[in-house]
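Enquirer: Sequence plus the predicted model coming up.
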Amino acid sequence: MFDIQPSSPTPIYRQVIDQVRRLVAGGQLRACDELPSVRSVAERHAINPMTVSKAYSLLEAEGLLTRRRGVGMAVAEGARPAHPPSDRLALLQPALDAAAQQAAQLGLPRETVLQAFDTALRALLTDPKSTP
């Protein structure tokens with residue numbers, strides 16, 4: 001469910017938070033859907049369980065997740081389903097800005113960058129488990 005990048009400058013707990021927010025905003029996670037357990041996420045990504053627990057707790061405090069006794073964390077009943085495309089694009093904008101800045105710094109032509117993005121997006125939409 002999560003794509004954790006340990007080498008990213010973004011802290012791991014923040015990566016988990018941002019990904020849960022995007023999954024809810026995009027409608028892939030809906031109210032009452034269960035999240036993977038802290039232990040399973042930590043083991044799968046070889047990260048500290050406290051990091052995952054921190055992310056889940058912050059999302060719970062925000063009202064996006066709810067703790068269900070004996071079951072684990074689930075998307076809260078009041079969590080909004082898929083947001084309008086403009087709201088979802090706002091969640092993507094920081095990543096697009098960072099990628100655009102890096103492309104400019106590398107001196108890559110606009111068409112090359114757009115082609116690379118299109119290729120990566122098509123690969124993910126064809127097989128969501130693949131990584132570009």
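Expert: Sure, I can see it. Residues are numbered from 1 along each chain as shown.

Enquirer: residue nearest the centroid of the protein?
Expert: Taking CA atoms, centre = their mean as the criterion, residue 19 is the residue nearest the geometric centre of the chain, at 1.6 Å.

Enquirer: what about that residue, which helix or strand?
Expert: In this structure, residue 19 sits in helix 12-25 according to DSSP states H and E.

Enquirer: Same question for residue 58.
Expert: Once you assign secondary structure using DSSP H and E, residue 58 falls within helix 49-62.

Enquirer: Could you list the buried residues of that helix?
Expert: By neighbour count on 16 or more other CB atoms under 10 Å, the buried set for helix 49-62 is 51-59. Glycine gets a C-beta too; all of them are placed from N, C-alpha and C.

Enquirer: Extract the C-alpha trace of it and format it as PDB.
Expert: The C-alpha coordinates for helix 49-62 follow below in PDB (Å, rounded to 0.1, in the frame of the first residue of the first chain):
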ATOM      1  CA  PRO A  49       7.300   0.500  14.100                       C
ATOM      2  CA  MET A  50       7.200   3.700  16.200                       C
ATOM      3  CA  THR A  51       7.500   5.600  12.900                       C
ATOM      4  CA  VAL A  52       4.400   4.000  11.500                       C
ATOM      5  CA  SER A  53       2.600   4.300  14.800                       C
ATOM      6  CA  LYS A  54       3.400   8.000  14.900                       C
ATOM      7  CA  ALA A  55       2.000   8.500  11.400                       C
ATOM      8  CA  TYR A  56      -1.200   6.600  12.200                       C
ATOM      9  CA  SER A  57      -1.600   8.500  15.500                       C
ATOM     10  CA  LEU A  58      -1.300  11.900  13.800                       C
ATOM     11  CA  LEU A  59      -3.800  10.800  11.200                       C
ATOM     12  CA  GLU A  60      -6.100   9.700  14.000                       C
ATOM     13  CA  ALA A  61      -5.800  13.100  15.800                       C
ATOM     14  CA  GLU A  62      -6.600  14.700  12.500                       C
END
